[in-house]
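Participant: This is the structure alone, sequence omitted:
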Ligand code: SF4
Ligand code: SF4
């Protein structure tokens, strides 16, 4: 947000989430909402990441655990299907990987610089020992 | 300026009495004030309430008062507290007691030579209202001694003030006021 | 409307608490969140009873502390309701943290304060310690001298506080017991007149406006905090006084009763005067009149608006006076009194070179008698005659023991 002077903002410790009037916010996907500059949605925390989650849809059972647990609402789910990670808002905490129940996991953490295609190609196999 | 000090026990209705009196007087176009000393008074503790009446707006908020009238609505307070404190030459006392005025003055020498009237508000309240709430009878006695208002006018006014109470209680209060008016000596 | 109206007599004999409760009823307050405390209890009790009896359409929220009471008020005000509560003393002290939230969040809340001493030692009686505790909290503070003022100032409070150019919470102060429990004649407004004066509540940035979602009570750090506080101070300094004046003017048209930022009595030709607040103003007026009968030109200045301080109005009211006594009903605990300091600040750069002396009085409800005021005025006259302050600058009135004075 621009560094406005004391007389340039609305009074009160108050911020608006959206520009102008909204309706059917529940029926509108985040990327289509008119978030204001005050909303954290317009800010990126991508540069906080040291490790990043990579999603492998081949093993995913769409249980939505990752969507529920992600502290930054960065799991993109459409029609109850996990479709990927919002890499502008994911801070790389690894919680989603921790809660993913599949074997092998459908989400794994890799260094930020890692190449996604390479990692997907080398995805670990099912771990037979762990039940 | 007419100033009245009530000596009472917390719970005997001195504040209600003082406010009721102020309410009646206010309807006649005079300016009134009614207040009390509370402290953290518990039920039964000695306390004082006050009335001021004047033709002009009352701006004096000091608690100090040299009263024209002193009302004592609990019989023991004449002995356990000084009801003559800050008195004037011509302060008039109306005191609740089962004693006659002579007996009372004899047993409390501080009252000697003062204008003292007595009435048994406790007994009157018990026999009419059924509870020892001596505040309204005291006002009946005050009407007699002060001649402030016609007793019928006063009773009508009190009826309005007691308005929310059950009719039986209002009637009993009217009886109490009248009896004290008749019996004060 | 789904509530009953009440027929009032032209003059009702009400104490300050009753007057405040009736004003809350007539203002049709939507939410009162309260934790009762002596001597303000009958205010919120009165609201609750009016509500239960069908005279108000609103919500009474019983909470577990004064901190929660003001928090509830903050929530309700942010949601978009007309909100009020009442407190005193320790309760006020417990509210302080949230008082700053309310004003910083620019929420119009009306807080009736029946002023009472602060412990220790514990004391339920009236002084201005709690009022003074709130004076940097960013609220507007109005002071009533009698029950009539309490009634009238509540309407002024809602009107100013809810104004979209102001949006700052407002306290209405009255002396605990000396006003809160003293019944006097109060000229009433009809329900329609009173409600018509303050008008329908006009929401602003309310959380219940789902088409314009807002976040209230955000965090700012070094980057933004100063700008927010500066904005709030600016609005208190620049916008509030004219709005209060406009409300006073409108109220005078409606009721015939005239209020001023600074109330001056017998001041046009006064040589000496006392400056004070609360019921003391009225007692001092009576004594000033008596002093004049003795040939002493005495006057009284009562501070009606404590925050924002009417800086220039105070200087104007004291213009040309020769000796001033500033009466503080709160222990300054290691300083000159608040009024002493404020008045000194107001006058320092003006041509009024009056002899200013301070007095601390009435702590814990100690009576300020007419006799005290007579000797005070006499002392001021002595100062005028001597051409200097003949006493120490700070004196205690009415305290037992050896005379106590400082500075
Ligand atoms: S790594 Fe953390 S922030 Fe990123 S998607 Fe997974 S849970 Fe969300
Ligand atoms: S937790 Fe794993 S299996 Fe479940 S939806 Fe997310 S990625 Fe798919």
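Facilitator: It's in. None of the values given here were measured: they were computed from a predicted structure. Ligands and ions are numbered 1, 2, ... in the order given.
Participant: which ones are touching the residue most central in space within chain A?
Facilitator: What sits nearest the mean C-alpha location of chain A, by CA atoms, centre = their mean, is residue A:74, with 1.3 Å. Residue A:74 makes contacts with A:85, A:86, A:87, A:89, A:90, A:91, as judged by CB atoms under 8 Å, 6 or more residues apart in numbering or on different chains. From N, CA and C alone the C-beta is placed, and that goes for glycine too.
Participant: 10 Å instead?
Facilitator: Residues near residue A:74 by CB atoms under 10 Å, 6 or more residues apart in numbering or on different chains: A:45, A:53, A:66-67, A:84-93, A:96.
Participant: Ok, residue B:51 next?
Facilitator: B:2-6, B:17-19, B:21-22, B:25, B:32-35, B:65, B:67-69, B:71, B:142, C:183.
Participant: if we can go back for a sec, are any of the contacts of residue A:74 buried, and which?
Facilitator: Buried members of the contacts of residue A:74, scored by 16 or more other CB atoms under 10 Å in any protein chain shown, are A:53, A:66, A:67, A:85, A:86, A:89, A:90, A:91, A:92, A:93, A:96.
Participant: Could you tell me what pLDDT the model assigned to the fourth one?
Facilitator: As summarised for this prediction, residue A:85 has a pLDDT of 97.
Participant: same question, the third one
Facilitator: Per-residue confidence for residue A:67 comes out at a pLDDT of 97.
Participant: tell me which element it is part of?
Facilitator: helix A:65-69 (DSSP states H and E).
Participant: by contact count, what packs against that helix?
Facilitator: Judged by 3 or more CB pairs under 10 Å, 6 or more residues apart in numbering or on different chains; DSSP states H and E, helix A:65-69 is in contact with strand A:75-78, strand A:81-85, helix A:95-99.
Participant: What I need now is these written out in TSV, including distance to residue C:87 for each item.
Facilitator: Shown next, in TSV, are the helices and strands packed on helix A:65-69 (distance: least, CB to CB, whole Å):
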stretch	distance to residue C:87
strand A:75-78	47
strand A:81-85	51
helix A:95-99	45
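Participant: how about the ones you listed, which one is nearest ligand 1?
Facilitator: Ligand 1 lies closest to helix A:95-99 among those, at 3.2 Å (CB to the nearest ligand atom).
Participant: contacting residues around residue A:81?
Facilitator: A:57, A:60, A:62, A:64.
Participant: For beta bridges, what are the partners of it?
Facilitator: With DSSP bridges applied, residue A:81 shows beta-bridge pairing to residue A:78.
Participant: Now do it against residue A:64, distance only.
Facilitator: 9 Å (CB to CB, to the nearest Å).
Participant: Just the element for residue B:52, please.
Facilitator: Element membership for residue B:52 (DSSP H and E) is strand B:46-54.
Participant: Tell me which strands the following helix or strand past that strand pairs with, and in which orientation.
Facilitator: Using DSSP H and E, the helix or strand that follows strand B:46-54 towards the C-terminus is strand B:69-72. Using DSSP bridges, strand B:69-72 pairs in its sheet with strand B:2-9 (parallel), strand B:92-96 (parallel).
Participant: which residue packs closest to the residue of chain C found nearest chain A, ignoring adjacent ones?
Facilitator: Nearest to chain A in chain C, going by CB to the nearest CB, is residue C:106, at a distance of 3.7 Å. Nearest in space to residue C:106, with sequence neighbours left out and distances taken as CB to CB, 6 or more residues apart in numbering or on different chains, is residue A:12 at 3.7 Å.
Participant: Please list the residues of chain B that sit near chain C.
Facilitator: Within chain B, the positions adjacent to chain C are B:15, B:18-27, B:29-41, B:50-52, B:57-65, B:160-161 by CB under 10 Å from any CB of the partner chain.
Participant: so how many other residues sit close to the closest residue to residue B:46 other than its chain neighbours?
Facilitator: Excluding its sequence neighbours, the residue lying closest to residue B:46 (CB to CB, 6+ apart) is residue B:81, at 5.3 Å. Residue B:81: 15 surrounding residues under other CB atoms under 10 Å in any protein chain shown.
Participant: cool, and residue C:293?
Facilitator: A total of 7 residues lie near residue C:293 under the criterion other CB under 10 Å.
Participant: From residue A:12, how far off is residue C:223?
Facilitator: Taking CB to CB, one finds residue C:223 at 17 Å from residue A:12.
Participant: Which of those two has more residues huddled nearby?
Facilitator: For residue C:223 versus residue A:12, neighbours defined as other CB under 10 Å are more numerous around residue A:12 (23 against 9).
Participant: what sits against that one?
Facilitator: Applying CB under 10 Å, 6+ apart, the residues near residue A:12 are C:78, C:103-107, C:167-168, C:204-205, C:214, C:216-218, C:228, C:231-232.
Participant: Can you tell me the element residue A:21 falls in?
Facilitator: Residue A:21 belongs to no helix or strand, assigned by DSSP H and E.
Participant: Please name the nearest non-neighbouring residue to it.
Facilitator: Residue A:21 sits nearest to residue C:211 (CB to CB, 6+ apart), 4.8 Å away.
Participant: got the contact list for the one you found?
Facilitator: A:18, A:20, A:21, A:22, A:23, A:25.
Participant: can you check residue A:10 too?
Facilitator: By CB under 10 Å, 6+ apart, the contact set of residue A:10 is A:16, A:38, C:106, C:204, C:205, C:214, C:231.
Participant: By neighbour count, which of these wins?
Facilitator: Going by other CB under 10 Å, residue C:106 tops these with 25 neighbours.
Participant: so it, which of the three states?
Facilitator: What DSSP: H, G, I helix; E, B strand; the rest coil gives for residue C:106 is coil.
Participant: I figured it was touching residue C:100, is that so?
Facilitator: No: applying CB atoms under 10 Å as the test, residue C:106 and residue C:100 come out as separate, 12.0 Å apart.
Participant: biggest helix in chain B, by residue count?
Facilitator: Counting by DSSP state H, the longest helix found in chain B is helix B:167-183.
Participant: what is the mean pLDDT for that helix?
Facilitator: 94.
Participant: Could you tell me the angle between it and strand B:92-96?
Facilitator: 130 degrees (axes from the mean of the first three to the mean of the last three CA atoms, to 10 degrees).
Participant: got the contact list for residue C:110?
Facilitator: C:20, C:23-24, C:27, C:29, C:32, C:73, C:77, C:82-86, C:139-140, C:142, C:153-158, C:160-162, C:169-172.
Participant: Which of these fall in helices?
Facilitator: With helices taken from DSSP H, the overlap with the contacts of residue C:110 comprises C:20, C:23-24, C:73, C:77, C:153-158, C:160-161.
Participant: among these, which ones are buried?
Facilitator: C:20, C:23-24, C:73, C:77, C:153-158, C:160-161.
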